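J.: Quick one: sequence plus predicted model below, questions after.
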Amino acid sequence: METKRENLKRLIEREVFVTKEQEAIAGGSNWIFDFRRVLLRAEVLDWIGELFWEKCKGEYPFQVGGVEVAGIPLFTALVIKLREKGEDANGFFIRKSRKKTGLLRMIEGAVTDEKIILVDDTMNTGKSFIRQIEVLESLGKKVGAVFAILRYRDLSYYTYFHERGIRVFSLFELDDFKGSLAVKNNIDKKKEEPVPMPFAPQWYWRSEKPNLSRVCAKSAPAIDEKRIYFGTDEGSFWALNQSDGSVTWKHTTLFGSKERKTFSSPFLSDGTVYFGASDGNVYALDAETGKKKWVFMEADWVQSSPCVAPDIGLVFVGLEFGLWSKRGSLVALDAETGKKKWEVPMSGPALSSPAYSKRYGTVVFGADDSVSGFDAKTGKLLWTFGMEGQVRESFAFDESSGRVVFGSTDSHVYVLETRTGKLLHAVKTNEAIWTTPLVYDHFAYVASLDKNLYCINLDTGAVVWTFATKGRIFSSPEMVGDKVYIGSNDGRLYELDALTGRETAFFQAIERITDKIAYNKNTGAFFLLTYANELYCLKKDENE
């Protein structure tokens with residue numbers, strides 16, 4: 001058995017370990033262990049299977065599972081190896097995110113009631129295992145151990161697993177290669193504290209018939225002191241009590257697209273909640289009772305989220321039409337009556353959401369491949385800025401300096417003068433942007449489909465820091481105190497230090513997080529929606 005271990009160790013040193021001098025490595029690392037290049041070799045899998053059995057046979061009976069991609073050849077080999085030993089073990093794998101077509105499954109293969117050992121090629125912070133554990137525990141299953149070929153950190157680091165009675169096994173740890181490889185670590189593994197998960201669900205709610213094939217930002221929640229408001233895929237608009245998640249009232253949209261009936265995010269103003277729906281209507285409902293105040297019914301669809309200018313009594317929202325001569329428009333409605341005050345036709349579908357600058361009396365809106373500024377009272381065009389892509393969400397203002405910030409599907413963050421539309425900065429990202437920026441203290445925080453959150457200095461246009469998640473980002477960032485909160489398609493809500501981008505805490509959900517959180521500063525409650533129309537009410541334990 002020792003010979004197999006030594007053979008595997010030499011193979012890792014010779015073929016698995018890769019430096020930046022040998023190959024380009026994304027993310028700034030100097031080296032990486034790339035097990036995927038050897039995990040389909042029969043001899044290698046045989047070695048790993050034998051060594052796994054020696055490590056874990058005391059846990060038997062068990063079943064084995066893992067996350068795609070490396071986990072698939074691993075647990076397949078382990079199931080076969082146990083069969084050779086005269087023992088049977090079930091196998092399954094967990095998708096990194098739920099499949100968007102076909103049966104929409106998150107887990108492939110049947111999960112039995114036996115103890116589970118999760119397997120992977122490497123284990124660094126353990127975040128990949130954490131999501132798998134959360135998924136399985138939501139199904140009432142028990143994970144007994146995790147196994148990796150190579151573990152990066154000391155066992156004392158993995159408090160999440162120890163506290164849950166989950167054993168941590170590995171064939172090697174990073175220190176085993178210090179004498180043979182240039183694995184200088186940029187962290188002190190013995191002193192570094194793990195990122196805490198201090199968020200505890202207070203209650204959980206889910207609507208029926210979520211659209212699991214539609215992955216994008218949906219209806220982000222809005223809150224007042226007592227209730228939380230949001231729309232769901234099947235066409236309902238909800239008001240829930242923040243204290244316990246019970247339903248205060250519900251408004252149902254009967255008509256519209258099967259794929260996106262209520263994707264418009266609500267806007268609360270002076271006891272009224274405003275939102276659009278794919279039945280072509282813009283609704284104004286009493287926030288306390290859900291009774292209709294007025295309905296504007298001139299569009300074919302409304303995916304755009306309204307914004308309200310209380311100082312001038314107007315609601316701005318984008319409209320969509322099924323006409324070749326009129327694809328979209330920006331409309332201003334009287335906030336009290338819903339009467340149309342002005343409307344500006346657009347050259348393409350009105351997919352973005354408008355934003356209003358009180359200081360400059362300007363509403364900014366994007367349609368097709370341009371963004372325009374309009375006089376908020378009259379709808380007069382003030383300026384137009386052209387680009388190669390579209391704005392799919394909304395805009396953020398730095399009112400003190402007169403700047404407007406937005407992201408585009410052409411993979412740029414743009415910073416313009418609010419008054420003139422003059423370009424001040426264009427910051428390149430690696431993929432398209434489907435999020436609304438957050439502006440705070442002359443910095444803009446913008447998330448991209450390249451899985452990164454960018455912090456940009458609005459004075460210089462320089463990127464101050466980036467933070468990489470494990471999934472594409474459709475969720476827009478939010479600021480609470482001195483922390484930035486951002487959700488990702490990896491199902492994780494990240495808490496980051498606003499100045500440095502350092503991760504300070506997290507919460508692991510099961511489904512993708514595609515909407516901005518809401519936070520009640522009086523109660524300390526965080527409200528988190530997933531794309532599967534799940535709502536978590538979270539409280540943070542400040543002692544952790």
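T.: In hand now; what should we look at?

J.: residues touching Ala355, list them.
T.: With contacts defined as C-beta atoms under 8 Å, 6 or more residues apart in numbering, Ala355 is in contact with 307, 363-365, 394-397, 404. For glycine as for every other residue, the C-beta is placed from the backbone atoms N, C-alpha and C.

J.: go on, Val439?
T.: Counting by C-beta under 8 Å, 6+ apart, the residues that Val439 touches are 396-398, 405, 445, 458.

J.: give me that answer again for 7 Å
T.: Counting by C-beta atoms under 7 Å, 6 or more residues apart in numbering, Val439 makes contact with 396-398, 405.

J.: Return, as residue ranges, the portions of the chain with sub-threshold pLDDT.
T.: Within the chain, the stretches with pLDDT under 70 are 184-191, 256-260, 544.

J.: got JSON lines for the contacts of Val439, with distance to Leu240 and secondary structure too?
T.: Output for those, formatted as JSON lines (distance: C-beta to C-beta, whole Å; DSSP: H, G, I helix; E, B strand; the rest coil):
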{"residue": "Ala396", "distance to Leu240": "27", "secondary structure": "strand"}
{"residue": "Phe397", "distance to Leu240": "30", "secondary structure": "strand"}
{"residue": "Asp398", "distance to Leu240": "33", "secondary structure": "strand"}
{"residue": "Val405", "distance to Leu240": "32", "secondary structure": "strand"}
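
J.: Most neighbours among those residues, which one?
T.: With neighbours taken as other C-beta atoms under 10 Å, the top of the contacts of Val439 is Val405, carrying 27 neighbours.

J.: That one against Ser394, yeah?
T.: No: contact status for Val405 versus Ser394: not in contact, 10.4 Å apart, counting by C-beta atoms under 7 Å.

J.: before we move on, the earlier item: would you list the contacts of Val439 in TSV and tack on distance to Phe92?
T.: Putting the contacts of Val439 into TSV (distance: C-beta to C-beta, whole Å) gives the following:
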residue	distance to Phe92
Ala396	43
Phe397	49
Asp398	49
Val405	44
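
J.: out of these, who's nearest Leu496?
T.: Of all these, Ala396 has the smallest distance to Leu496: 17.5 Å, by C-beta to C-beta.

J.: now the helices for this protein?
T.: Taking DSSP state H as the test, the helices found in the chain are 2-11, 42-56, 71-84, 127-138, 159-163.

J.: Please identify which of those helices is closest to Phe199.
T.: Taking C-beta to C-beta as the criterion, helix 127-138 is the member of those that comes nearest to Phe199, at 12.0 Å.

J.: got the contact list for the closest one?
T.: If you take C-beta under 7 Å, 6+ apart as the criterion, helix 127-138 is touched by 67, 94, 106, 116, 118, 120, 123, 143, 146, 160, 490-491, 508, 510.

J.: mind giving me the domain ranges of this protein?
T.: Listed by automatic domain parsing, the domain ranges of the chain are 2-177, 199-540.

J.: okay if I get those domains as JSON lines plus distance to Glu192?
T.: Compiled in JSON lines, those are given as follows (distance: least, C-beta to C-beta, whole Å):
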{"stretch": "domain 2-177", "distance to Glu192": "7"}
{"stretch": "domain 199-540", "distance to Glu192": "12"}
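
J.: Most tightly packed of those domains?
T.: Stretch with highest mean neighbour count among these: domain 199-540 (a mean of 20; mean count of other C-beta atoms under 10 Å).

J.: distance between the ends of stretch 408-427?
T.: Stretch 408-427 stretches 11 Å from its first residue to its last (C-alpha to C-alpha, to the nearest Å).
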